[in-house]
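Student: whatever this is, show me its structure:
(chains A and B)
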Amino acid sequence: MSGTTKDERIARTTLLSGLLRRPEMGAVAGAILVFLLFLAAASPTMFSARGVVNWLTVTGQLGVIAVSQCLLMIAGEFDLSVGSMIGFSGMVMALTFRFGGLPAWLAILVGIGICVCIGWLIGTIRVRSGLPSFIVTLAFLFILRGATIVSARTLNGSTMVGGMRDAKDTDVIAALFGGQIGDGVFSWLANAGVLAKLPNGTPTVTGLPMIIVWCLVLGAGAAFMLANSRFGNWIFSAGGDPRAARSVGVPVDAVKVRLFIYSAFCASVFGAAQVFGYGSADASRGELKEFESIIAAVIGGALLTGGYGSVIGALVGALIYGVVSQGFFYTGVDGDWFRIFLGCVLLGAVMFNTQVRRRVTGVY
Amino acid sequence: MAIVPRQAKEFAASTLSTASVWNMVIGGKKKQREEKIMHKTTAALLAALFMSVAYPAMAGEKFVLIDHTDGTDPFWPVVLNGAQEAAKKVGAELVFRHPNKVDAVEEAQIIEATTAQKPDGMIISILDPTVIGPAIKAAVDAGIPVVSINSGAEEARKYGVLLHVGQPEYPAGKIAGEKAKAAGQKKYLCLNQEAENIALRERCQGFADGMGQKLNMIDSTNDPAEIKARATAALSADPSIDTVLATGPHVCIPAMAALHDLGKDKSVYLACFDLAPEIVAGIKDGRVAFAVDQQQYLQGYLPVIYLDLYKRYGLLPANDVLSGPGFVTKENADQVGKLAGTVR
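Tutor: Just a heads-up that it's a prediction; the model follows:
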């Protein structure tokens, strides 16, 4: 090292400016703004235990697919088949459970297994054909939705398959997806008088849905992997400049295929949690979720062009979406306004956090 | 309104300062109807655009109607009109909510969010009892009276709803069949757009039993060209068919075209489920004998009245209420035509 000016990459930064430069900072600022807005404008019941669990559940569901979508977007791809994959995985599990006679745990494994294979297929078609992921995954959006409807109609005579509600009481794996956690804690809180009770004596909230745990575990795992592993670096380089990445030996195609597999896996986790948590599968489940997951990732700081983004940011993006979409129902405004409201708030949140990010990172 | 329930006062008290500031800004007595409407509209506008206003302060009870569609089905505004008129009459505030798309899980999550706010009553259409049922039960356990409407009549009571307002399919078909039989009709054909849909099948079966015949049903599909072709084929194959039942309005219209092509416009007795402007026109000029109307306006209107009576006096009808079948015939087609889309 010669000369008097230090390379900026090894220059010391203060803790604060280091924090501010993180890509999820904009999203965190947006989340604070959204919370302040709802604290001021919504009924206070939104922040009662029951209200919080309600929007946390929506956040958890979206968070699971926002994590995988975010990784794909950092690698320069995105997956529009997520929503259809949710409906498809749920239907596979429901049909193998109800009509195939499989136990719930095996039905879940079969569902996840089939989806993972389809994820591999999507990724392989994408990298082998060189077609943009927009086209390939859009095709699978239709194919999977169609397959869901056809299989349900053929085997069940209706697009709705019920009868899975009790499975989580007897099957550990089904409970791992569709059950809830912390029952003891909540009843203790209720007995201690911290948590309100219903007239019949049960606490207003009896537990946290497992999807919230899944969201946290998958999110933490992906965030750690992205920041601390070689594979994490490969993801950034595959999206930042694939040609440069290839020339230094990064297996760009393999990275992308694995991320498509991961995306399908996350969608099937969502599907399993919904089918065994709510007790039925329906051919229309998961519609528009692909866009919601992209929105969450973008709010979280991911660029549509790839190479930049943050898993933690995507989770905060999911939180913003969850709070905004459920918070609307605490404002006492008729349902027809919902989409206008959602669109405006989301646009506002993204514009706000992009401003914040630009200011603190200097990245345009 | 002389009687202001305690819950409503608590509700008003629990609203945030933004709402009361807003009331001061617009001022005046909020009981006056025009101002109330204006207040509501402005509030909705502002909330949507600036997220400033939360709860418009209210004089009466607060009821929430949650339906299962994405807000684009022309059927539901009629229900909401009914609910709003009833709410106005009893001095209650009515808010309606629906998911972003037809999705039972999203509907259940909206029900859960609404339960957290403890309204004075909820009116819920049950898309999928497995998913919606437990959400309703949680609301009932939290002390919120629930009336279910439209679909889900069979299972509603299991989850603690007070009563159901809707049109059961089989009796509706049967009464329609009896009507055709009384008109002297001999042999019928049922055009069913979704043969595996149990509700539609029950319409056909009920009609068959009403006429005292065996089920004679063909799968017409949802495609207008296909419906016309299949209806034409079936009617040519069996000239003794003198009655046609169409289980949906979009099936009825191509069926009218098929009859026209066959020259059987007036000789075949055509009965249809649900309404559309073309069908009302067909009834007026005699091409359609009658339409079965489930009178969904009542599915909005009656639950609000029942919830109000239940809340104030503990009064409740003992049985589920059949909102239909109502019949649209030549006699009332003019009136129905004028109300189409808002009340019928």
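Student: any stretches of the chain with poor pLDDT?
Tutor: If you meant another chain, say so; for now it's chain A. Applying pLDDT under 70 to chain A picks out residues A:1-13, A:17-18, A:20, A:360-364.
Student: correction: the question concerned chain B.
Tutor: B:1-59, B:196.
Student: show me what contacts the residue nearest the centre of it?
Tutor: The C-alpha lying nearest the average C-alpha coordinate of chain B belongs to B:Gln296 (Cα atoms, centre = their mean; 3.6 Å). Shown here is B:Gln296, whose contacts under the criterion Cβ atoms under 8 Å, 6 or more residues apart in numbering or on different chains are B:75-76, B:78-79, B:82, B:150, B:323-324. C-beta coordinates here come from the backbone N, C-alpha and C atoms, glycine included.
Student: return the member of the residues you listed nearest to chain A.
Tutor: When the contacts of B:Gln296 are ranked by distance to chain A (Cβ to the nearest Cβ), B:Trp76 comes first, at 9.9 Å.
Student: check the burial of the closest one by counting its neighbours.
Tutor: When neighbours are defined as other Cβ atoms under 10 Å in any protein chain shown, B:Trp76 has 23 of them.
Student: pretty sure it sits in a strand.
Tutor: No: according to DSSP: H, G, I helix; E, B strand; the rest coil, the state of B:Trp76 is helix, so it is not within a strand.
Student: contact partners for it?
Tutor: By Cβ under 8 Å, 6+ apart, the residues touching B:Trp76 are B:67, B:69, B:98, B:296.
Student: out of the contacts of B:Gln296, which end up buried?
Tutor: Among the contacts of B:Gln296, those buried by neighbour count (16 or more other Cβ atoms under 10 Å in any protein chain shown) are B:76, B:78-79, B:82, B:150, B:323-324.
Student: what ranges do the strands span in the stretch 51-200 of chain B?
Tutor: Remark: strands of the stretch 51-200 of chain B, listed N- to C-terminal, are B:62-66, B:93-97, B:121-125, B:146-149, B:164-166, B:188-192; assignment by DSSP state E, counting those that start in this stretch.
Student: quick one on the thing from earlier: now the residue nearest to the centre of chain B: phi and psi?
Tutor: B:Gln296 adopts backbone torsions of phi -70, psi -10, taken as degrees, to the nearest 10.
Student: closest to chain A out of the strands of the stretch 51-200 of chain B?
Tutor: For the strands of the stretch 51-200 of chain B, distance to chain A was read as Cβ to the nearest Cβ. The smallest value, 4.1 Å, belongs to strand B:93-97.
Student: same for that closest one, what does it pack against?
Tutor: Packing contacts for strand B:93-97, counted by 3 or more Cβ pairs under 8 Å, 6 or more residues apart in numbering or on different chains; DSSP states H and E, involve strand B:62-66, helix B:75-90.
Student: tell me the most buried of these?
Tutor: Highest mean neighbour count among the helices and strands packed on strand B:93-97 (mean count of other Cβ atoms under 10 Å in any protein chain shown): strand B:62-66, with a mean of 27.
Student: pull up the pairing partners for it, direction included.
Tutor: Here strand B:62-66 has these sheet partners by DSSP bridges: strand B:93-97 (parallel), strand B:121-125 (parallel).
Student: list of residues touching the last one?
Tutor: In this case it means strand B:121-125. Contact partners of strand B:121-125, identified using Cβ under 8 Å, 6+ apart, comprise B:61, B:63-68, B:83, B:111, B:114-115, B:132, B:136, B:139, B:144-152, B:161, B:300, B:303-304, B:307-308, B:310-311.
Student: in which helix or strand would I find the closest residue to chain A within the stretch 201-344 of chain B?
Tutor: Per Cβ to the nearest Cβ, B:Arg201 is where the stretch 201-344 of chain B lies closest to chain A, at 10.1 Å. For B:Arg201, the element it lies in under DSSP states H and E is helix B:198-211.
Student: who does that helix touch, helix- and strand-wise?
Tutor: Here helix B:198-211 is seen to pack against helix B:169-182, strand B:188-192, strand B:243-246 when contacts are counted using 3+ Cβ pairs under 8 Å, 6+ apart.
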